[in-house]
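J.: Here is my input, please return the structure:
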Amino acid sequence: MKKLDLSNYLVTVKVKDGEQIVDRQIPYDVKGSIRGILFHADQRLSGIDLMENFKLAEKIAAAEGSILLEKDDYNRLKKSFDAFRGFGENDVELVKRILDAPEVQVKEDPHPTQVPDQKPL
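T.: Predicted coordinates:
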C-alpha cells in the first residue's frame, strides 16, 4: 500500500494590497486539488472511470491527515496526475507527495475486533 500525506501546506501567492503587490502565504488545499485533478477534463473520463474516480475522491475526502491507498487506487491517482496539464510551482509539493508516496507494509490483525451482533469469524 502507498501512504499519501493529505495535510495542507503553505504556498506563497502574490496579492494586491492597496497599490502594492505583496507575497502572502496561504494554505494549499491538498484534498481539493486532488479532487479537482481526478475530475478535470484532461482525464477524458468514461462513465466507469468517472465512478471509479468518484469513489477514490470520496475515500480521500473522508481521510484525515493521511490515507493508505491500495495498488489500484494509487495507480488510478497517479494516472490522473500523469494526464493533467497545467501544474504550477505551488503544485510541486503535491506532485512529489503523489509520485514519492512511500510503500507501507500492512499486516492483518490476527485478533480482529468483533462487532456485538456479528457472528464469530
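J.: only C-alpha atoms for contact and neighbour calcs from this point on.
T.: Fine.
J.: What ranges does the chain have for its strands?
T.: All strands of the chain, identified by DSSP state E, fall at 2-5, 9-17, 20-28, 66-69.
J.: Turn the ones you listed into JSON lines, columns for mean pLDDT and distance to A57.
T.: Below are the strands of the chain laid out as JSON lines (pLDDT from 0 to 100; distance: least, Cα to Cα, whole Å):
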{"stretch": "strand 2-5", "mean pLDDT": "97", "distance to A57": "13"}
{"stretch": "strand 9-17", "mean pLDDT": "93", "distance to A57": "19"}
{"stretch": "strand 20-28", "mean pLDDT": "94", "distance to A57": "17"}
{"stretch": "strand 66-69", "mean pLDDT": "97", "distance to A57": "12"}
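J.: State the mean pLDDT of stretch 88-103.
T.: For stretch 88-103, mean pLDDT rounds to 96.
J.: Can you give me the end-to-end span of that stretch?
T.: 26 Å (Cα to Cα, to the nearest Å).
J.: Spatially central residue for this protein, please.
T.: I34 (4.6 Å; Cα atoms, centre = their mean).
J.: residues in contact with that one?
T.: When contacts are counted by Cα atoms under 8 Å, 6 or more residues apart in numbering, I34 is found next to A57.
J.: So for it, what pLDDT did the model give?
T.: 97.
J.: One more: L6?
T.: 98.
J.: I'd say it and A62 touch.
T.: No - taking contacts as Cα atoms under 8 Å, L6 lies outside contact range of A62: 10.7 Å.
J.: Settle it for me: which of these two has more neighbours?
T.: More crowded of L6 and A62, by other Cα atoms under 10 Å: L6, with 21 against 10.
J.: distance between the ends of stretch 77-94?
T.: Its first and final residues considered, stretch 77-94 spans 12 Å by Cα to Cα.
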